[in-house]
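> With the input below, show me the fold.
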Amino acid sequence: MYSKREHIFQVGLLTLLFVYLLLRAWYVVPMHDEIASSYHYFETGRIFERGMVFDANNHFLNSFWGRFCYLVGWDDFFMYRLGNVLAFPLYFLGIRKLLEGISSSFFRNLVLVALVSIPFILEYFAYARGYGMAMAFFTWQVYYLYQWTQNTGTRNAMLLACFSYLTLLANLIFTGSFMLTLLWAFLIFFLKKESFSKVEKRKLVLTLGVLMLSVAPLFAYTFFLKEIGALYYGSLDGLWKVTGSTLSLYVLFYDGEILKYLLEILLLAGVIYFLARLNKDRLHTFVQDRMNLFAYFLFGNLAIILLMALILGVNYPEDRAGMYLVPLFLLVLTYFLDRVVWGKWLLLIYLFFPLSLCWKMSLQTSVFSPDMRMHRPFYEQVRGKMRSGESLALYPTMHLVWNYLERERTQAVVPNGIRSFIPIYDQIVMRTELVPANYASLGYEKIASDPVSGQEAFRRVKALNWKEEERFRVKKQDSQKDTLTLLKIPVEDSWREKHLRIEVEGKVSSQEEVERLTFVLSTTGKEGKRMQWTYTELRWNHRRGQRTFDLNAVYVFPERLSKERELHLYLLNRYGLQVKLTDGTIKLKTHYGT
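Numbering: from 1, shown residues only. As a prediction, the model looks like this:
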């Protein structure tokens, strides 16, 4: 199928891209989601068991790989990322297999180059996330479904089941594709049932039984995440706005209305075309065509996404959660143009992808959310300006990156989280596009900026004059209780319509290594309704094996107190550790703000 010259070209291309991914895995600083995976799953080992953090960020294969690296002493993000880097050759070869039906070797290799060089997708093969692994396994899932359509042997069925399971284990965004795979496989079995012997039928039933037993916990976990609201990524604002627009922006770097209408026309025309083909061809003939299989996955996934959103209220997938739609769309378009007279020359527009890779190639930043990482020089500039007892506020997706960098310090600065520029903190780090033009009139000066990550840092020129309202000594405690209260008091009327600043000092220790010990600050209103709430895991700022923590932090609630009735500060001890709390003081201060 492939000539010697093609093999040499493809090996060279694979080598170049693989080396690029290795370099990105080494040089690019960790992003927020990677650190979250590390904190929640790699370091704790609670991946699919009691006490785990229930979150869609738990991509199981990636979590198992990260945990393995952590246990053998490879506590390093290069090693955490290596699992996805090693999955890239599998993805490359899978795409190569899916393109075997293209008649021209030139255009076959052109499309191969395009599909493996989309910067947005390629970068995920150098992150400690589950997307790279899942995309690699998914290509082989589709390939072996096609192979089983051609040859319903036991080997193809077992390989199909294996890759289907691995895809889902790597990332649950492929749940719809798994259901589509089962439906197609049942259809093929129905169409060819007369050709199966009794032994083959038993083997198929056994393969299906093992597969369904294997994926049952994954489906249960997915529905549980939906019930507890953990499938929060994306929204119900519409398929184009949430899925189409974000994918277009990161893949084509454009998401204008013209593109929206063009894609809608192409997809509608595609639905009409394939329904017409299905009506014209015998079903036996229709299912034998690669292009029809790719179209089935593309339009089938879109239908599932729409139905899940409209009926079950599941969010439309945003950007990376829908990235698999991109290669499916391009595969369908490729096979269609390959069959149109002179149509294959339109495939030259695919040169956009390798050219965009040359344009976006970087060992510092990324196509998707560069603001979700913090470079060390910027961090050092901000940290160098901090003084003892000052408050720091960051945009939420910068939190864990800051905590990770703080692990090298004996006395960590615990940040507050804000989504807009609120001028009540001593220092603020914010995404550039969220910085108000009048920050100077609000009393701040710029102290650092990182144009690569799109972050800027500001320091208050003159400190606010906070009024101390109360000072408390924290009662010494030595307990295994799940909640250790540091302070629980009513909110005074004189504090209302003011910002509340809480300065905490103390020491917390445990005889065991701490996995999760959470310091929580909350206010409640009428009937115990939570009003304002913030927390930090004490372990986030410290390396492995830490058993003693300095509880030194300055918190400022971003909203003025209004209907709050009670203030509660406590340690949440989820795993029942023997925790000792000593030498604690809490100061409460108020200010009207600016």
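> Let's see stretch 315-326 as PDB, backbone CA atoms only.
What follows is stretch 315-326, C-alpha atoms only, in PDB (Å, rounded to 0.1, in the frame of the first residue of the first chain):
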ATOM      1  CA  ASN A 315     -23.400  20.300  28.700                       C
ATOM      2  CA  TYR A 316     -22.300  20.600  25.100                       C
ATOM      3  CA  PRO A 317     -18.600  19.700  24.900                       C
ATOM      4  CA  GLU A 318     -16.200  22.700  24.900                       C
ATOM      5  CA  ASP A 319     -12.900  22.800  23.000                       C
ATOM      6  CA  ARG A 320     -10.800  19.800  24.100                       C
ATOM      7  CA  ALA A 321     -13.900  17.800  25.200                       C
ATOM      8  CA  GLY A 322     -15.000  17.700  21.500                       C
ATOM      9  CA  MET A 323     -11.600  17.500  19.800                       C
ATOM     10  CA  TYR A 324     -12.300  14.000  18.300                       C
ATOM     11  CA  LEU A 325     -14.900  15.700  16.000                       C
ATOM     12  CA  VAL A 326     -12.000  17.500  14.200                       C
END
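> How far off centre is it?
Distance, stretch centre to chain centre, for stretch 315-326: 11 Å (CA atoms, centre = their mean, to the nearest Å).
> Next, the buried residues of the host helix or strand of Leu263.
Counting by DSSP states H and E, the element that carries Leu263 is helix 257-280. Using 16 or more other CB atoms under 10 Å as the test for burial, helix 257-280 gives 259, 267, 270, 274, 278. Every residue, glycine included, has its C-beta placed from N, CA and C.
> Please tell me how far it is from the chain's geometric centre.
Averaging C-alpha positions (CA atoms, centre = their mean) puts helix 257-280 31 Å from its chain's average.
> what's the answer for stretch 222-232, then?
On CA atoms, centre = their mean, the centre of stretch 222-232 falls 15 Å from that of its chain.
> Any buried residues in it, and which?
Applying 16+ other CB under 10 Å to stretch 222-232 flags 222, 225-226, 230-231 as buried.
> circling back to that earlier point, what comes into contact with the helix or strand just after the helix holding Leu263?
For helix 257-280, the succeeding helix or strand toward the C-terminus, using DSSP H and E, is helix 283-286. Here helix 283-286 makes contact (CB atoms under 8 Å, 6 or more residues apart in numbering) with 191, 277-278, 292.
> Next: stretch 291-298.
With contact meaning CB under 8 Å, 6+ apart, stretch 291-298 is reached by 98, 101, 142, 145-146, 149, 177, 180, 184, 270, 274, 277-278, 286-287, 325, 328-329, 331-332, 335-336, 339.
> Quick check on these: which are buried?
In the contacts of stretch 291-298, burial by neighbour count holds for 98, 101, 142, 145-146, 149, 177, 180, 184, 270, 274, 278, 286-287, 325, 328-329, 331-332, 335-336, counting by 16+ other CB under 10 Å.
> just checking, which of these belong to helices?
Within the buried ones among the contacts of stretch 291-298, residues falling in helices by DSSP state H are 98, 142, 145-146, 149, 177, 180, 184, 270, 274, 278, 286, 325, 328-329, 331-332, 335-336.
> pLDDT-wise, which helix or strand of the protein ranks last?
strand 548-550 (a mean of 85; mean pLDDT, DSSP states H and E).
> That strand: which residues count as buried?
Neighbour-count burial for strand 548-550 flags 549-550 (criterion: 16+ other CB under 10 Å).
> any residues touching it, and which ones?
411-412, 505-510, 514, 517, 538, 542.
> Among those, which lie within strands?
The members of the contacts of strand 548-550 that map onto strands under DSSP state E are 505-510.
> now, which of the residues you listed sits nearest Leu208?
Of all these, Leu208 sits closest to Ser510, with 47.8 Å by CB to CB.
> Could you report the distance from the closest one to Asn541?
With distances taken as CB to CB, to the nearest Å, Ser510 is found 15 Å from Asn541.
> Which one's more surrounded, those two?
For Ser510 versus Asn541, neighbours defined as other CB atoms under 10 Å are more numerous around Asn541 (24 against 20).
> Can you give me the pLDDT of that one?
At Asn541, the model reports a pLDDT of 87.
> what sits against it?
Neighbouring residues of Asn541 by CB under 8 Å, 6+ apart: 403, 406-407, 409, 412, 414.
> same deal with Ile188?
Counted by CB under 8 Å, 6+ apart, Ile188 has contacts 148-149, 152, 287.
> Likewise for Arg290?
Neighbouring residues of Arg290 by CB under 8 Å, 6+ apart: 98, 101, 146, 335.
> Which two among those residues are spaced furthest apart?
Most distant of these, by CB to CB, are Tyr146 and Tyr335, 12.0 Å apart.
> for the chain, what are the low-confidence residue spans?
Under the criterion pLDDT under 70, the flagged ranges of the chain are 1, 594.
> Give the phi and psi angles for Met374, as a check.
Main-chain dihedrals, Met374, degrees, to the nearest 10: phi -130, psi 120.
> Fine by me, thanks again.
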